[in-house]
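**Student:** Sequence first, then the predicted structure, then my questions.
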Amino acid sequence: MEITDLTPAERRVWRAFPLGEGVDFRDSEDDDPEDGASWGPDRTIRGDVLRALLLAGPVRDGEVAGLRLIGARVTGRLRLTFGVAEHPVILRSCHFEQRPSLHGAQTRALVISDSVLPGLDAGALRVDGALRLTGSRTAGPVRLAGARISGALFVDSVRLGTPGAESEEAVLQLNHATIGTDIWATKLIAHGQIRLNEATVTGQVNLDNSELHAPGDTALHAENLSVGTDLRAMRLRAHGRVNLSGARVPRHLNLAYARLSHPDGQALRASSCVIGELWFREAALIEGDVNLRRSQIDLLHIRPEVWPDRVRIDGLSYRSLAPHLPAEERLPLLEREKEGYLPASYEQLTTAYRAAGDEAAARTVQLAKLRRHRRTLPRYARAWGHLQDVTVGYGFRPLRAAGWLGALLLTGTLAFAVHHPRPLKPGEAPDFNPVFYTLDLLLPIIGFGQEGAFAPQGGYQWLSYLLIVTGWILATTTAAGVSRSLSRQ
């Protein structure tokens, strides 16, 4: 392109390029690029002119060339497909009539911030520095699949998509992308899906205060996402499924104060994940199912009221729970498992309480496990289970046996003290003692010589039978409970 073909506005940009100087076309700092379609020729630059500058623009010895453009209207398409731009590209507060095409391009740094554009085609883009889209607004998709960015990606305060519009593809596509440091996406507003499948981020992903709108669909699709440090999503508002299946987050997945809503399906799918700490501190009730199957978490920070009515936690493992709460507040979650009774879930909760040194809570969980298991048994086995529960709490409440024995001992002692049973051999019988006679009936192993020397009659004989039977039952259930307790140890 010859210099004579340029408009006055384009000549300004052309002259500034070899010096790396910025050209600001704005009338004031309050100019809104949404109004860019009405900007006249005095601030209009053709996409072909920018392409010519970036691929073969003039340079000057001793100067660092670069494109720095503010408040311009870019007409036509900026095409850099598979091109190599050796100079930084900085476009601020610009209005693009057509979607820039940067697929497979290479550049040192790329900034398209506070701008309005129909979308961005930049799949397989290579950026030696940072890619900054801060504050921009796009009606169509931003395609960055397979991009390689050695620095950070800034999409903070970006607005993607159109409210109420149905999009057939994700509004932000970062699947298989590699980010050298962080993804900053704070205060992002997306009307459509964000896709991070198979992406690798060396640092952290920050979605604090962002809003994701994809009702009835997947708002965040990040299967097998690999993060170097944290995935922050404090105060996230997600209307649609958040899918983190297979993600690797070695430090914190922080969903504090978040609101997740997908009532007709899974609001959160984080199955087969490896997470350092998963935080739901002060989060709202999750609207929709939660799937944490087969995930490994060091610390799970969540209050019971955050869990929805339906969960899937088969194979979930965690080392500790926070905040520390009584077992009675944690147990209802295990009843919500869609797969039904899962013994491993009770064992996992027991392990967490024992790791915290709360043995009483661990016993409570084990007792709840046996009661839940009882419901799966046939009637005769359920009857035996009820008996063990009532008498000794399956061995976790041994003092119950002592209480039963004390009550029966008192009953027998009073009854036989009022009416002594007759001696079988009057001349040889020892002196009758109602306390030891009752103990002889109750304790099947220990003998005090009273039971074989006296024979009650009538109703007292039936009382003696009752004491013998209940003594055997108490002894059997106590032995079963002690055996179970010892086997756990």
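**Tutor:** Ah, there it is.
**Student:** can I assume residue 382 sits in a strand?
**Tutor:** No - assigned with DSSP: H, G, I helix; E, B strand; the rest coil, residue 382 falls outside any strand and is helix.
**Student:** dump the residue contacts of it.
**Tutor:** With contacts defined as CB atoms under 8 Å, 6 or more residues apart in numbering, the neighbours of residue 382 are 374, 375. C-beta: built from backbone N, CA, C; applies to glycine.
**Student:** where in this protein is pLDDT low?
**Tutor:** By pLDDT under 70, the low-scoring segments of the chain are 1-4, 384-402, 477-489.
**Student:** Please, where are all the helices along this protein?
**Tutor:** 8-16, 47-56, 327-335, 343-355, 359-374, 379-392, 399-418, 434-442, 459-488 (DSSP state H).
**Student:** excluding its backbone neighbours, what's nearest residue 433?
**Tutor:** residue 450 (6.3 Å; CB to CB, 6 or more residues apart in numbering).
**Student:** Sorry, slip of the keys, the one I care about is residue 197.
**Tutor:** residue 175 (4.2 Å).
**Student:** what about residue 86, distance to residue 73?
**Tutor:** Remark: distance between residue 86 and residue 73 (CB to CB, to the nearest Å) = 26 Å.
**Student:** of those two, who's got more company?
**Tutor:** residue 73 (24 against 14; other CB atoms under 10 Å).
**Student:** and the more buried one, what is it in contact with?
**Tutor:** 36, 37, 39, 43, 44, 45, 94, 95, 97.
**Student:** Now a PyMOL select for only the buried ones of those residues.
**Tutor:** The following PyMOL line selects those of the contacts of residue 73 that are buried, judged by 16 or more other CB atoms under 10 Å:
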select buried, resi 36+39+43+44+45+94+95+97
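**Student:** Just the contacts of residue 73: which are in strands?
**Tutor:** 44, 45, 95 (DSSP state E).
**Student:** What's opposite the first one in the beta bridge?
**Tutor:** It refers to residue 44. residue 73 (DSSP bridges).
**Student:** same check, this time on the last one
**Tutor:** Going by DSSP bridges, residue 95 is paired in beta bridges with residue 73, residue 116.
**Student:** For it, give me its contacts.
**Tutor:** Counted by CB under 8 Å, 6+ apart, residue 95 has contacts 33, 34, 35, 36, 37, 39, 72, 73, 74, 115, 116, 117.
**Student:** Pull up the gap between it and residue 275, please.
**Tutor:** To residue 275, residue 95 is 42 Å away according to CB to CB.
**Student:** And the second one, by the same measure?
**Tutor:** Residue 45 sits 47 Å away from residue 275, going by CB to CB.
**Student:** and if you look at the first one?
**Tutor:** Residue 44 sits 50 Å away from residue 275 when distances are taken as CB to CB.
**Student:** Now residue 270: closest residue in space that isn't a chain neighbour?
**Tutor:** Nearest residue to residue 270 in three dimensions, chain neighbours excluded: residue 244, at 4.5 Å (CB to CB, 6+ apart).
**Student:** let me redo that: residue 441
**Tutor:** Ranked by CB to CB, 6+ apart and with sequence neighbours excluded, the top spatial neighbour of residue 441 is residue 467, at 4.0 Å.
**Student:** neighbours around that neighbour, how many?
**Tutor:** Counted with other CB under 10 Å, residue 467 comes out at 24.
**Student:** residues touching it, list them.
**Tutor:** 408, 412, 438, 441, 442.
**Student:** switch the cut-off to 6 Å
**Tutor:** Neighbour list for residue 467: 412, 441, 442 [criterion: CB atoms under 6 Å, 6 or more residues apart in numbering].
**Student:** closest to residue 90 among these?
**Tutor:** Set against residue 90, the nearest of those by CB to CB is residue 442 (91.2 Å).
**Student:** what about residue 459, how many neighbours?
**Tutor:** Quick note: residue 459 (other CB under 10 Å) scores 10 neighbours.
**Student:** Could you measure from it over to residue 44?
**Tutor:** Separation of residue 459 from residue 44 (CB to CB): 111 Å.
**Student:** what's the answer for residue 113, then?
**Tutor:** Counting by CB to CB, the gap from residue 113 to residue 44 is 20 Å.
**Student:** Residue 102 now?
**Tutor:** Plainly put, residue 102 is 21 Å away from residue 44 if you go by CB to CB.
**Student:** Then residue 153?
**Tutor:** Distance check for residue 153 against residue 44: by CB to CB, it reads 29 Å.
**Student:** again, but for residue 177
**Tutor:** Shown here: residue 177 relative to residue 44, a distance of 33 Å by CB to CB.
**Student:** again with residue 170
**Tutor:** 31 Å.
**Student:** Over to residue 70?
**Tutor:** 14 Å.
**Student:** mind listing what the residue nearest to residue 97 when sequence neighbours are not counted touches?
**Tutor:** In this structure, residue 97 finds its nearest non-sequential neighbour in residue 75, 5.1 Å apart by CB to CB, 6+ apart. Neighbouring residues of residue 75 by CB under 6 Å, 6+ apart: 44, 46, 97.
**Student:** change it to 8 Å
**Tutor:** Contacts of residue 75 (CB under 8 Å, 6+ apart): 44, 45, 46, 47, 97, 98.
**Student:** do residue 248 as well
**Tutor:** Residues near residue 248 by CB under 8 Å, 6+ apart: 224, 225, 226, 227, 273, 274.
**Student:** Can you get me a residue count around the closest residue to the fifth one other than its chain neighbours?
**Tutor:** The reference is to residue 273. Sequence neighbours aside, residue 295 is the residue nearest to residue 273 in space, at 4.3 Å (criterion: CB to CB, 6+ apart). When neighbours are defined as other CB under 10 Å, residue 295 has 23 of them.
**Student:** quick one: residue 295 and residue 268 touch, right?
**Tutor:** No - contact criterion CB atoms under 8 Å: residue 295 and residue 268 do not qualify, at 11.0 Å.
**Student:** Pull up the gap between residue 281 and residue 300, please.
**Tutor:** According to CB to CB, residue 281 stands 11 Å off from residue 300.
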